[in-house]
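Chemist: From the sequence below, what's the structure:
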Amino acid sequence: MNSPPGEFGLRGQNLRPSRREVNAKRMSQAMASGNSAFQRSPLAPGLYLVATPIGAARDITLRALDILASADVLAAEDTRTLRHLMEIHGIPLGDRPLVACHDHNEAQVSPRILKAITEGKSIAYASEAGTPMVSDPGFPLARAVIAEGLSVTAAPGPSAALCALTVAGLPTDRFLFAGFAPSQKSARRTFLQGLAPIEATLVLYESPKRINQILEDCCDILGEGRKIALCRELTKRFEEVIRGTVAEVRQAIAERDLKGEIVLVIGRGEKAASDAATIEAALDRALEQMTVKDAASAVAEAFDLPRREVYQMALTRGKT
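Modeler: I've put the predicted structure just below:
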């Protein structure tokens with residue numbers, strides 16, 4: 001259907017300005033009126049680690065905007081994402097360098113950034129989303145700058161781990177961020193066995209492709225009754241938090257095809273009763289999925305028992 005004249009200007013030709021043109025115009029107007037959201041001012045030489053939104057673009061801090069507007073050099077895990085974020089907030093890149101620095105090239109790029117700092121430059125580094133170094137690049141770079149006795153400054157802000165911990169409804173007085181679990185099944189189960197006895201709320205990142213597998217492993221190793229919260233697409237349009245026991249959450253998503261970033265928050269475990277019947281039942285369940293050695297380790301940790309003693313029990317149960 002033809003558009004009526006006037007809606008897009010000339011019929012058949014869309015003359016609506018692009019988003020970049022609109023943002024540039026708004027930025028010029030804001031700067032002209034003195035009401036720009038950011039303030040440009042000289043920064044001392046050093047590395048500035050800038051936390052960026054994990055979803056909602058307006059979650060960025062005013063200080064982060066100031067640093068992005070003022071730094072001599074910008075570095076980013078994903079340069080397209082940072083450029084887009086700056087456009088949204090009306091921050092011009094101008095003729096400043098924008099350098100990609102990610103897992104695959106950080107070792108090669110870090111010396112160049114270090115050299116720029118020694119020459120008196122200020123460098124702003126941003127992850128694709130969230131806080132640098134929290135399951136994101138930035139550690140080798142920051143460590144190299146610190147080793148040279150140069151300045152490293154954080155502009156704190158969004159973090160998926162802290163956001164999930166806030167909405168999970170689980171204890172926050174003591175927590176452990178464990179990052180991503182291994183993708184390979186046996187390594188993942190060993191990983192969970194190591195976390196099982198920790199007396200703290202656990203925070204993990206997980207891919208939607210593997211969420212069902214890790215929940216199955218959590219049922220076996222941490223127990224079906226352990227309280228958890230599955231937090232998905234935090235701060236975004238389809239944000240969702242599913243709370244309950246491991247078994248309840250596993251059942252709730254069993255038939256769903258989840259999308260987006262997932263944070264799994266796991267409540268601290270309680271020491272199980274260590275009567276013989278309970279231990280034997282736990283060993284039987286573990287032996288259905290694990291080797292004798294792994295089953296003995298998992299049960300020993302869960303019940304706070306000597307591993308050698310439980311291993312001997314597991315050997316006997318494995319033969320029946």
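Chemist: Show me where this structure has its strands.
Modeler: With DSSP state E, the ranges of strands along the chain come out as 46-50, 73-76, 98-100, 122-126, 152-155, 175-180, 201-206, 227-232, 240-245, 262-266.
Chemist: Paired strands for the second one, with orientation please.
Modeler: Okay, so that is strand 73-76. According to DSSP bridges, strand 73-76 has the following sheet partners: strand 98-100 (parallel), strand 122-126 (parallel).
Chemist: do the first one as well
Modeler: The strands beside strand 46-50 in its sheet (DSSP bridges) come out as strand 122-126 (parallel), strand 152-155 (parallel).
Chemist: Highest mean neighbour count out of the ones you listed?
Modeler: Stretch with highest mean neighbour count among those: strand 122-126 (a mean of 26; mean count of other Cβ atoms under 10 Å). From N, CA and C alone the C-beta is placed, and that goes for glycine too.
Chemist: Just confirm residue 151 contacts residue 43, I think it does.
Modeler: No. In this structure, residue 151 is not within contact of residue 43 by Cβ atoms under 8 Å, at 9.8 Å.
Chemist: Between those two, which is the more surrounded one?
Modeler: residue 43 (19 against 14; other Cβ atoms under 10 Å).
Chemist: In this structure, which residue is most central in space?
Modeler: A centroid search over the chain (Cα atoms, centre = their mean) returns residue 160, at 5.0 Å, as the residue closest to the centre.
Chemist: That one touches residue 236, doesn't it?
Modeler: No. Using Cβ under 8 Å as the test, residue 160 is too far from residue 236 to be in contact (10.8 Å).
Chemist: who touches stretch 233-251?
Modeler: Applying Cβ atoms under 8 Å, 6 or more residues apart in numbering, the external contacts of stretch 233-251 come out as 53-56, 59, 158, 160, 163-164, 167-169, 212, 215-216, 218-219, 222-232, 252-253, 259-261, 263.
Chemist: could you give the mean pLDDT of it?
Modeler: Summarised as a single mean, pLDDT over stretch 233-251 is 96.
Chemist: Start and end of that stretch, how far apart?
Modeler: 20 Å (Cα to Cα, to the nearest Å).
Chemist: which of the residues in it are buried?
Modeler: Going by neighbour count (16 or more other Cβ atoms under 10 Å), the buried part of stretch 233-251 is 233, 234, 235, 241, 242, 243, 245, 246, 247, 249, 250.
Chemist: And stretch 280-295, by the same measure?
Modeler: Buried, per 16+ other Cβ under 10 Å, within stretch 280-295: 282, 283, 285, 286, 287, 289, 290, 292, 294, 295.
Chemist: Relative to the whole chain's centre, how far out is that stretch?
Modeler: 32 Å (Cα atoms, centre = their mean, to the nearest Å).
Chemist: And for stretch 216-236?
Modeler: 16 Å.
Chemist: Which positions in it come out as buried?
Modeler: Those would be 217-223, 226-235, for stretch 216-236 by 16+ other Cβ under 10 Å.
Chemist: Could you pull up the residues touching residue 55?
Modeler: Contacts of residue 55 (Cβ under 8 Å, 6+ apart): 129, 233, 234, 235, 236, 239.
Chemist: how about a cut-off of 10 Å?
Modeler: By Cβ atoms under 10 Å, 6 or more residues apart in numbering, the contact set of residue 55 is 129-130, 158, 160, 163, 233-239, 260-261.
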